[in-house]
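Enquirer: no FASTA, just this:
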């Protein structure tokens, strides 16, 4: 018999145990980072949170950090306007792209289009911002000065989140079992009937998850918006008015901020983080209720 | 290839003292391989999935060197029963097992059971062919290495031996490095059997090994199973009653109660008994094709 | 019975399908048009200055003249640090979550949930955290090390989720039959699951590299603005993306080198993608035909 000269099974069982322990340490580290981020943002913003009432961030007269005036509201609205505008444009375009790739294009065109979208998903935000600064802003300036405006940031953000939306919707739609679609076709449904009646509902969860992801990205985007938005602290009264977002504010002022001013920037970071966490919780909740 | 000699704890009791939950057929003298030495003794085995009972107190013996077929309608717990025998039920987090299974006198649900050794001793073949996405040769070499066979010459010798055993050698000997997934369905299934045989098991569990194959491939596999009997103890689940009748020494008939959806063992005995003179009317109806 | 099915709607259905098709096609034309416009602009603007000398020269006059060699060196170092720190942790986490513990266990849930939240954290927040933790608390200052570690935190969720998805896509039957053959979990993982999941892992790695190379906001306050050639990991180093930002916003007359740098950055991302794809393909073939 050449079979069982020796057995390493016991050895491999103990390897399994060690391996599992090592993995646990890694996972623990990964999970702790989120807590660390919260902890350090709290720590850095604590000096201000201790002696400034929270409401002052919304009721102060203006944003004059050097004169102890900390009104964050214009930045909050700037962020909300820009990201909701971008979502409004990007959602239909993104879903249309996904539908095109799956149901309308020939396989070759679909692959080509997907490569294009993937290429654009890989373009750094700073490049989008740079393109906006050198091409889009002058164009808008010709139409309605000053150019660097809410509109410019909406358009740039749309371009940036569109690949995310298109690719996540695509993934969700591809995952719809072929049987459903075949059954729909066998029942004599038209193409749009099949898409609207079967494919989209079946992929809804994934698409919504993609939208929330894109929303998070739009809210948190810094560089591109910083480069095209004009960065004037004000409530936008038209599409052509320059705005400043929360993220841009941090990026602009962190370099020279001291004392309370610096802590307030951390507070606005905390605010941003909480906004995004809230979004995540809603997404998780939505996923759960949809699942049942 | 010789059988390893093992101390068999002779327990005639388990044959005689059957609980009254099912009828035991008369034990006649069978072919020499079928002198009823129980290799596996299952006592009051119940399976629960998330608190819901799937299989209710099954007690039966599997005899050395015999083919035992498990028959019954879908959902009666045959497959669950089979996977309890080598503790694949461990992989289902919600699955709980009551009762005992003794293999060669050792309780496999005991705390000191070496799972890897157990699964080496009890090979398993699944309904669908499950070759790994590796080359043909590596499919067999991988588990061998894992169990401590490291010399290349040994591995090659075993590979040739088991491939000959399943009648695959002549078909693939010139392309052992081809991907296993390039084989036909029947060949893949025979490769899976060879892979199980390479570990020199005493017992083979087969979960409907022919149901995913075409009739010709199915015939080849069936003939293979016939050839393997005597050398190995085989427990096989099948829906094909004709096949069961052709190959079995012993048969166990499972049934599922309509309302509770709980599977249980109705009758166990020699093949002739179950198929020709069953004691239970349910069995009679099922094997004659009247129900199920 | 046949009375129930009226044929008069057929025309309107056709019209509806057609309208939607036209809408979708025009959306596609718009999107492709704009994107091609961007690419065209970048290539036209960047190719003027792009040359071997641009890549190998150090920047002079705040980047208006000279090249970007020191910038490239810093970028690669930051990327390297980020991947070295993030890969082991994230792959370990993915393996643990899929193969070793139940997704429903408290620990599994907690890890998954915190990664889910981490994935949504904006990069500027990572910048703030990296500044507060790595630069100030750990005393690494404005340095490549601190920037790389900040990026590593940022990459974790994407690396974990892609690796996890890759492992989950492996058919359950492979695991079942590996267990039925008495193989240990570690061996099953290395010999069966990982080769199957490798393309997905590589794709995740690519996404990670892409995101890291493109990152600007997280590095503004961690790896810093200094455009000298880095001499150690504790030196401050300006990455390529930040260089583009600085040239276009803070340096009047910096547009031409900014264009060229943008083109370099995009080409770099492209090359990384192609190389890694090729590598995955070869590796997979080798694994399939091994021995």
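Expert: That came through, no problem. This structure is a prediction, so every number in the text was calculated from the model and none was measured.

Enquirer: show me where the stretch 151-292 of chain B has helices.
Expert: Counting by DSSP state H, counting those that start in this stretch, the stretch 151-292 of chain B forms helices over residues B:152-165, B:169-172, B:185-198, B:215-228, B:241-247, B:271-276, B:281-287, given from the N-terminal end onward.

Enquirer: Pick the most deeply packed of those.
Expert: helix B:185-198 (a mean of 25; mean count of other Cβ atoms under 10 Å in any protein chain shown). Any C-beta I mention is one placed from the backbone N, CA and C, and that applies to glycine too.

Enquirer: Columns mean pLDDT and distance to chain A on top of the helices of the stretch 151-292 of chain B, output as CSV?
Expert: Listed next are these as CSV, based on pLDDT from 0 to 100; distance: least, Cβ to the nearest Cβ, whole Å:
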stretch, mean pLDDT, distance to chain A
helix B:152-165, 91, 5
helix B:169-172, 90, 18
helix B:185-198, 90, 9
helix B:215-228, 88, 17
helix B:241-247, 90, 27
helix B:271-276, 89, 32
helix B:281-287, 89, 31
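
Enquirer: pLDDT on stretch B:132-141, on average?
Expert: Within the predicted structure, the mean pLDDT of stretch B:132-141 is 87.

Enquirer: Quick one, grab the pLDDT at the residue nearest to the spatial centre of chain A.
Expert: Averaging the C-alpha coordinates of chain A gives a centre point, and the residue nearest to it by Cα atoms, centre = their mean is residue A:217 (1.7 Å). The predicted structure scores residue A:217 at 86 on the pLDDT scale.

Enquirer: hang on, the earlier thing: what about the helices of the stretch 151-292 of chain B, which gets the closest to chain C?
Expert: With Cβ to the nearest Cβ, the closest approach to chain C among the helices of the stretch 151-292 of chain B belongs to helix B:185-198: 6.8 Å.

Enquirer: Which neighbouring elements make contact with the closest one?
Expert: strand B:122-125, helix B:136-146, helix B:152-165, strand B:203-207, helix B:215-228, helix C:172-180 (3 or more Cβ pairs under 8 Å, 6 or more residues apart in numbering or on different chains; DSSP states H and E).

Enquirer: Next, the angle helix B:185-198 makes with the fifth one.
Expert: Read that as helix B:215-228. Comparing the axes of helix B:215-228 and helix B:185-198 via axes from the mean of the first three to the mean of the last three Cα atoms, to 10 degrees yields an angle of 20 degrees.

Enquirer: Any chance of a markdown table for the helices and strands packed on helix B:185-198, columns distance to residue A:266?
Expert: Formatted as a markdown table, these follow (distance: least, Cβ to Cβ, whole Å):
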| stretch | distance to residue A:266 |
| --- | --- |
| strand B:122-125 | 58 |
| helix B:136-146 | 53 |
| helix B:152-165 | 62 |
| strand B:203-207 | 60 |
| helix B:215-228 | 68 |
| helix C:172-180 | 46 |
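
Enquirer: out of those, which comes closest to residue A:271?
Expert: When those are compared by Cβ to Cβ, helix C:172-180 sits nearest residue A:271, at 43.9 Å.

Enquirer: And for the closest one, what's in contact with it?
Expert: Residues from elsewhere that reach helix C:172-180 (Cβ atoms under 8 Å, 6 or more residues apart in numbering or on different chains): B:86, B:88, B:91, B:119, B:123-124, B:126, B:128, B:130, B:132-133, B:143, B:192, B:195-196, B:205, C:187-188, C:192-193, C:196.

Enquirer: Mind checking what helix or strand follows that helix in sequence?
Expert: The element immediately downstream of helix C:172-180 (helix or strand, assigned by DSSP states H and E) is helix C:185-187.

Enquirer: mind listing what the residue in the stretch 1-150 of chain C that chain A sits nearest to touches?
Expert: Of all residues in the stretch 1-150 of chain C, the one sitting closest to chain A is residue C:122 (2.3 Å; Cβ to the nearest Cβ). Taking Cβ under 8 Å, 6+ apart as the criterion, residue C:122 is in contact with A:216, A:219-222, A:247, A:272-273, A:276, C:217.

Enquirer: Tell me the buried residues within the residues you listed.
Expert: By the neighbour-count criterion of 16 or more other Cβ atoms under 10 Å in any protein chain shown, the contacts of residue C:122 include these buried positions: A:216, A:219-222, A:247, A:272-273, A:276, C:217.

Enquirer: which of these lies closest to residue A:46?
Expert: Compare each of those with residue A:46 using Cβ to Cβ and the shortest gap goes to residue A:273, at 15.0 Å.

Enquirer: mind checking the SS state of that closest one?
Expert: Taking DSSP: H, G, I helix; E, B strand; the rest coil as the rule, one finds residue A:273 in the helix state.

Enquirer: Quick check: it touching residue C:121?
Expert: Yes. Assessed by Cβ atoms under 8 Å, residue A:273 is found in contact with residue C:121 at 6.3 Å.

Enquirer: joint contacts of those two?
Expert: Residues touching both residue A:273 and residue C:121 (Cβ under 8 Å, 6+ apart) are residue A:37.

Enquirer: buried stuff in the host helix or strand of residue C:109?
Expert: Remark: residue C:109 resides in helix C:106-120, with elements defined by DSSP H and E. With burial defined by 16+ other Cβ under 10 Å, the residues of helix C:106-120 counted as buried are C:108, C:111-112, C:114-120.

Enquirer: before we move on, what about stretch C:166-186?
Expert: Buried positions in stretch C:166-186, judged by neighbour count with 16+ other Cβ under 10 Å: C:166-167, C:170, C:174-186.

Enquirer: Taking these, tell me the two that lie furthest apart.
Expert: Farthest apart among the buried residues of stretch C:166-186 by Cβ to Cβ are C:166 and C:182. That separation is 25.1 Å.

Enquirer: Need the nearest residue in space to residue B:260, chain neighbours excluded.
Expert: residue B:53 (7.7 Å; Cβ to Cβ, 6 or more residues apart in numbering or on different chains).
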